[in-house]
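# Everything below, folded, please.
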Amino acid sequence: MTTLSAARGNTMYNKKLSISSKRQITIPQKFFTMLGFDNEAECFVRGNELVIRPVKSQTGGEFAEQILTDLIAEGLSGEKLLNEFKKAQKKVRPAVEAMLLEAEKAAVGETEAFSYEDVFGVED
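Here you go, the predicted model:
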């Protein structure tokens, strides 16, 4: 049976799953479709939860506008612009993953946490 509840303004769906003797589960069709699963899932532990989510393919569009704006401001164009854009784009995902890892460590007290004001300063 699927149950529906509200948590922090988000809709949350629950379903009890069976685990086979080989530690396998089946993702309910409704969840599979709703979340956009394809042929891969990523799995990680967050606190005492096991999170399974669809692997999103990289579209290459992460921060593209900001990267292009900076490169054009540097005076790049043509082939040089394209080459530098590709280099910068490849650095985005590793940088974001590193930031998420640091945030996770801060959340569990493994490293120092910084407030919004620490990072961005105080608004006047």
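
# ok, which stretches of the chain are helices?
29-35, 64-73, 78-107, 116-120 (DSSP state H).

# mind checking which of the ones you listed is nearest Arg46?
helix 78-107 (7.9 Å; Cβ to Cβ). Glycine gets a C-beta too; all of them are placed from N, C-alpha and C.

# Now do the buried residues in the closest one.
Going by neighbour count (16 or more other Cβ atoms under 10 Å), the buried part of helix 78-107 is 84-85, 88-89, 92.

# Specify the residue ranges that define each domain of the chain.
Following automatic domain parsing, one gets these domains for the chain: 21-57, 58-112.

# residues in contact with Leu50?
43-44 (Cβ atoms under 8 Å, 6 or more residues apart in numbering).

# how near is it to Lys22?
16 Å (Cβ to Cβ, to the nearest Å).

# ditto for Gly47
Relative to Lys22, and taking Cβ to Cβ, Gly47 is found at 26 Å.

# Could you check which of these two is surrounded by more residues?
Each of Gly47 and Lys22 has its neighbours counted (other Cβ atoms under 10 Å); Gly47 has more, 8 against 5.
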